[in-house]
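> here's my sequence, what's the structure:
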Amino acid sequence: MERFSDLLDDLYFTNSNLAKEMILTQYLRATPDPDRGWALAAISGTLSFDLFKRNVIKSLMMERMDPVLFDMARDYVGEMSETVALAWPQSPDAVRLNRLPDLHEVIAEFQARDKAGIRDYLINLLDNMSPPQRWALLKLGTRGLRIGMSARTVKQTLAKMKDVEIDIIESVWHGLTPPYTELFAWIDGKADLPDMSDVVTFSPVMLAHPIDEEKDLPRITPQTHIAEWKWDGIRVQVSSTGKETKIFSRKGEDISGSFPDLAQAIDFRGVIDGELLVKPNGEIGSFNDLQQRLNKKKPGKSLMEKLPAHVIAYDIIEQDGVSQRALPLSQRRSALAELVATHENERIDMSEDLTFSDTDDLRNLRKQAAQTGGLIEGVMIKDLSSLYVSGRPKHAWYKWKRDPFLLDAVLMYARRGTGKRSSFYSDYTFGLWNDEGELLPIGKAYFGFTDEELKEIDNWIRRNKTQRFGPVQEVKKELVFEVAFDAAQISKRHKSGFALRFPRIHRIRWDKPANEADRLDALAALLGQ
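Have a look, this model is predicted:
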């Protein structure tokens, strides 16, 4: 644990990605198996289990520290694990350890114990640790590690260690599990690259660039490009060996458990790329409908019948064990059309090729997307000659999203942020007026403003406080935000009756009186309600 704690400390306080890669490389080369594999899993976010729950940590602190004082300390620090790491009082009867156990020993010990044993072991470790070591343990145990190092940067580090392209790492990464002994045996030159031929695994996805209307539109013609709707679902990859099927998110997270109805319906061998949606009553549902499925790891039969999973497929990455990546999009689309037609499946449709003759037609398609009440986010435009390349290759795929909806809303409540924002009120709840002159909350946002604007808003909040509800500060209903959002849905869970999709602060309206902010009927009008 000492070496792991030192690694996290070094990574956390290092800003440069290149420097982070060097630190991680040194650790991985100097640390034996299986510790280095477990550390790699913790940093890349591939641990699939909690060693202990957050409420165990909180209950231990409530026994050792005045609850009001702890809440005040956590509010000031901005994060529970760091607060506990700094404030943990050593037990009077603490049993001193000759040495801290290694990382793999800690993981094995927690996994072998029952609830009471986990609690005792956690206390013993915390009693024998320094604050940085406690922080590392608590973050590891709850899978809450955030050190500014993405999973892709971790893979890039491994690729450089072996002097190969990152695609080689990506090709096996999702077929392996921690502590990655097979992977390190290959990196160390002691074994061949792990064989993934019979493993259902994730393939790195191809991404699009936002379109530059002035530079990009002139090169787009019906002969060189296709256009498709950009549906408001989630990007998925459906991967099947013919015997086993998995559904992966765009980041490679296995979400098959949430959509067993889709996985069970797949009867082909291959990998397709598409958009996951749900179809209540046989029609494409909203993202709000989809969210009801996303949050269910084991959905019930009634939920699956009410909101059946559906994929709009727009590309094929592999077919019958043969990669299609090196083929142009025109050929991949033909192969996809044949697969969808051959394996007729009510769960999968092929994305529609939208007809256009010139840029005016594309602009009209984008306008049509804005009239779907948020079901369609915009238009995708793809070069027919483009190969399927992971990452964001230039001039291959473009996304042309419709303009966001805008409303003037009134700040109602604020809450301090976490991490670097723990000293500032940076999380905002805002609302619109109803017909009775009552302000009702419609959403929350915590980005869209600059650091300087954050300081100005924070200063205003501190000068205009009213009531306090735990960590939430109510303010005078006087500050107006211009709020941008991608869509909104009818919601019975919110008093206003609406829920926003991706709300963010677009502009701070210091000049606008609160009584001139928008009303709920303006939001309803945007949705055609």
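
> find the residue at the geometric middle of the protein.
Central residue check for the chain by Cα atoms, centre = their mean: the C-alpha nearest the mean position is that of Lys251, 7.9 Å away.

> what kind of secondary structure is that residue in?
What DSSP: H, G, I helix; E, B strand; the rest coil gives for Lys251 is coil.

> distance check, the closest residue to it other than its chain neighbours against Phe70.
Nearest residue to Lys251, sequence neighbours excluded (Cβ to Cβ, 6 or more residues apart in numbering): Ala151, at 7.2 Å. Using the backbone N, CA and C atoms, a C-beta is placed for each residue, glycine as well. Using Cβ to Cβ, to the nearest Å, one gets 33 Å for the distance from Ala151 to Phe70.

> and the two? Which one has more around it.
When Ala151 and Phe70 are compared on other Cβ atoms under 10 Å, the one with more neighbours turns out to be Phe70, at 18 against 14.

> report the contact partners of that one.
Contacts here follow Cβ atoms under 8 Å, 6 or more residues apart in numbering; on that basis Phe70 touches Met61, Met62, Thr83, Ala87.

> buried ones in the helix or strand harbouring it, by neighbour count?
Using DSSP states H and E, the secondary-structure element containing Phe70 is helix 67-77. Counting neighbours by 16 or more other Cβ atoms under 10 Å, one finds that the buried residues in helix 67-77 are Phe70, Ala73, Arg74, Val77.

> report the buried residues of the helix or strand bottoming out on mean pLDDT in the chain.
Across the helices and strands of the chain, the lowest-confidence element by mean pLDDT, DSSP states H and E is strand 487-490, at a mean of 78. With burial defined by 16+ other Cβ under 10 Å, the residues of strand 487-490 counted as buried are Ala487, Ala488, Gln489.

> from the residues you listed, which is closest to Leu122?
Nearest to Leu122, judged by Cβ to Cβ, of the buried residues of strand 487-490 is Gln489 at 41.2 Å.

> from Val480, how far off is the spatially closest residue to that closest one that is not a sequence neighbour?
Counting by Cβ to Cβ, 6+ apart, Gln489 lies nearest to Asn288, which is 3.7 Å off, once chain neighbours are set aside. Spatial separation of Asn288 from Val480 under the definition Cβ to Cβ is 26 Å.

> for the two, indicate the residue with more neighbours.
For Asn288 and Val480, the more surrounded residue by other Cβ under 10 Å is Val480, and the numbers stand at 23 against 16.

> quick one: the strands in the stretch 351-500 of the chain?
Along the stretch 351-500 of the chain, the stretches classed as strands by DSSP state E, counting those that start in this stretch are 376-383, 397-401, 405-416, 425-433, 439-445, 465-469, 472-475, 480-485, 487-490, 498-501.

> weakest of those strands in terms of mean pLDDT?
Ranked by mean pLDDT, these end with strand 487-490 at the bottom, a mean of 78.

> contacts for it, please.
232, 286-288, 373-374, 377, 405, 442, 497-502, 523, 526-527, 529.

> try it again with 6 Å
With Cβ atoms under 6 Å, 6 or more residues apart in numbering as the test, strand 487-490 has contacts from Ser286, Asn288, Gly374, Phe498, Ala499, Leu500, Arg501, Leu527.

> now render these as TSV, adding distance to Met206.
Output for the contacts of strand 487-490, formatted as TSV (distance: Cβ to Cβ, whole Å):
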residue	distance to Met206
Ser286	26
Asn288	28
Gly374	25
Phe498	35
Ala499	31
Leu500	29
Arg501	24
Leu527	32
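
> among the residues you listed, name the buried ones.
Applying a neighbour-count criterion of 16+ other Cβ under 10 Å, the buried members of the contacts of strand 487-490 are Ser286, Asn288, Gly374, Phe498, Ala499, Leu500, Arg501.

> contacting residues for the third one?
If I follow you right, that is Gly374. Going by Cβ under 6 Å, 6+ apart, Gly374 touches Asp232, Ala487.

> Ala41 is in what secondary structure piece?
Counting by DSSP H and E, Ala41 is found in helix 35-44.

> tell me the helices and strands packed up against that helix.
With contacts defined as 3 or more Cβ pairs under 6 Å, 6 or more residues apart in numbering; DSSP states H and E, helix 35-44 has these neighbours: helix 103-112, helix 151-162.

> and the ones you listed as CSV, adding distance to Thr201 and mean pLDDT?
Output for these, formatted as CSV (distance: least, Cβ to Cβ, whole Å; pLDDT from 0 to 100):
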stretch, distance to Thr201, mean pLDDT
helix 103-112, 24, 95
helix 151-162, 14, 92
